[in-house]
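>>> sequence and predicted structure, then a few things I'm wondering about:
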Amino acid sequence: MNATNALRTVEMIRCANKAASGHRAARHALQEARTEQASLSVDHILGSSTGAYEAARKHTRRTEKRLQRAASKLHAWRPTLNRYPTELQRHRATRNLLEHLADDAVSLITAADLVLIQTSAGKDSLVALHRTVEAARKAGCLHKLRVMHCDLGQAEWPGVRELARRQAERYAIPFIVVASEGGFLGMVQERGLWPDAARRLCTAYLKRDPTGPVITRLTETLGLGRQAIVLNVMGVRGAESRSRALKSRLTVDDRTSSSNRLVLTWNIIHELPDSQVWQEIADNALEYHPIYDTGLPRLSCVYCVLASPDWLVLATRVCFALELPHPQLYAALERRINHSFKKDLTIGGIIAAARMLDALDGPLTWRRGDALRHHLSPSTADSYLARLSV
Ligand code: SF4
């Protein structure tokens, strides 16, 4: 099956699945509405609670109409539902089609109308961007590409937004920045709580939520007059964490997909180990952020709520060396909202540990290229730096 037909089948299964779950929900709602109406009918016959009974009766009518609409949608998708009768069968069929599509990046991009590449400007985004561009070049589809960066505000390391822009400019791809008011720190101040692994509101609120409106705007400008196929490329890798290892390379984004667009999340470098990411950066002289040279493994926020205590202490020492205000800024916010940055770990405690290490070992120092020296070799770093400065 070619990529276009495979995507059509994925969309048919998505719609059939939606029709089946919509019908189930409408049936359940009608059952509840009827039960509620029946429970009020005795009071109604006795002449009390007339208003409540009338409201319940109207609600039941509305719910009956909802069920009728859901039944007609179900009818429209009957052929697909006959072919894949159970939810498990639909899930398996979609997964197999998407796995097959993910094996052939060039055909996938050829079949797509728009390819949105999400970048944090970090090393994984950088390689994901490079690989997408390579595949798009082969497909002759560079014009379909857009790069999107979510600016988290003052919480980020300096120069992130500018670097993300330069990384997109290298390939002459249009660059889009979205920034929510106040950024990460404004969100924490407003909520009075730091996010954590269980409630990762920062990524939902600052990164995921702004993506839908951008896709809406971009697909509107395409003016296709039919459903658009949108690839949303991410630099997510399985090697980063157990939860990321469980993610698939290509999935349907049900939240953002609609009759106007089928949106697929594409983790294009999902299988790459750390070493290969660095190798691709070195081989292609891709500009990475100097913060990696300090030994920190991730970019984005200076203090990440998911980082280990060691990383947080290291980030603080880097701030000391660069004379950045983040430690004081975060400590003041922590005091204001009276909520510790992590369970059993305050920014104050992290700062104290960083000061102690600085006192013992002296201030932190590093050189440009240290990340490559560490992950690959000194000669690779030297050759990378020489090519980067050309
Ligand atoms: S880097 Fe960490 S703290 Fe910052 S937005 Fe991402 S998950 Fe949240």
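Thanks, I have it. Numbers count the residues shown, from 1 in each chain.
>>> shouldn't L116 be within a strand?
Yes. According to DSSP: H, G, I helix; E, B strand; the rest coil, L116 belongs to a strand.
>>> ok, now how distant is it from the ligand?
Distance of L116 to the ligand, computed by C-beta to the nearest ligand atom, to the nearest Å: 19 Å. The C-beta positions use only the backbone N, C-alpha and C, and glycine is treated the same way.
>>> what do you get for R165?
19 Å.
>>> surely that residue touches M148?
No. At 11.5 Å, R165 does not count as touching M148 under the criterion of C-beta atoms under 8 Å.
>>> between these two, which one's more packed in?
Taking other C-beta atoms under 10 Å, R165 and M148 do not tie; M148 has more neighbours (23 against 16).
>>> for this protein, what lies in contact range of the ligand?
L152, F184, P195, R200, C202, T203, L206, S300, C301, C304, V305, L306 (C-beta under 6 Å from any ligand atom).
>>> ok, now with 8 Å
120, 152, 155-156, 184, 195, 200, 202-203, 206-207, 298, 300-301, 303-307 (C-beta under 8 Å from any ligand atom).
>>> so what sits against both of R165 and M148?
With contacts defined as C-beta atoms under 8 Å, 6 or more residues apart in numbering, the residues shared by R165 and M148 are V177.
>>> quick check: nearest residue in space to G122, chain neighbours excluded?
L299 (3.8 Å; C-beta to C-beta, 6 or more residues apart in numbering).
>>> okay, now the one you found: neighbour count?
24.
>>> thought it was touching W157?
Yes. Contact criterion C-beta under 8 Å: L299 and W157 qualify, at 6.3 Å.
>>> intersection of neighbour lists for the two?
Shared contacts of L299 and W157, defined by C-beta under 8 Å, 6+ apart, comprise H289, I291.
>>> pretty sure C150 is in a strand, no?
Yes. With three-state DSSP as the criterion, C150 is part of a strand.
>>> which ones are touching it?
Q118, S120, V177, V178, A179, L206, K207, P210.
>>> which among the residues you listed end up buried?
Q118, S120, L206, K207, P210 (16 or more other C-beta atoms under 10 Å).
>>> tell me which two in these are the farthest apart.
Greatest spatial distance in these: S120 and P210, 13.3 Å, computed using C-beta to C-beta.
>>> and the gap between the residue nearest to L67 when sequence neighbours are not counted and the ligand?
By the measure of C-beta to C-beta, 6+ apart, the closest residue to L67 outside its immediate chain neighbours is A26, 4.3 Å from it. Distance, A26 to the ligand, by C-beta to the nearest ligand atom: 37 Å.
>>> following the helix or strand harbouring A26, which helix or strand comes up?
Element membership for A26, per DSSP states H and E: helix 3-45. Next helix or strand after helix 3-45 toward the C-terminus (DSSP H and E): helix 50-76.
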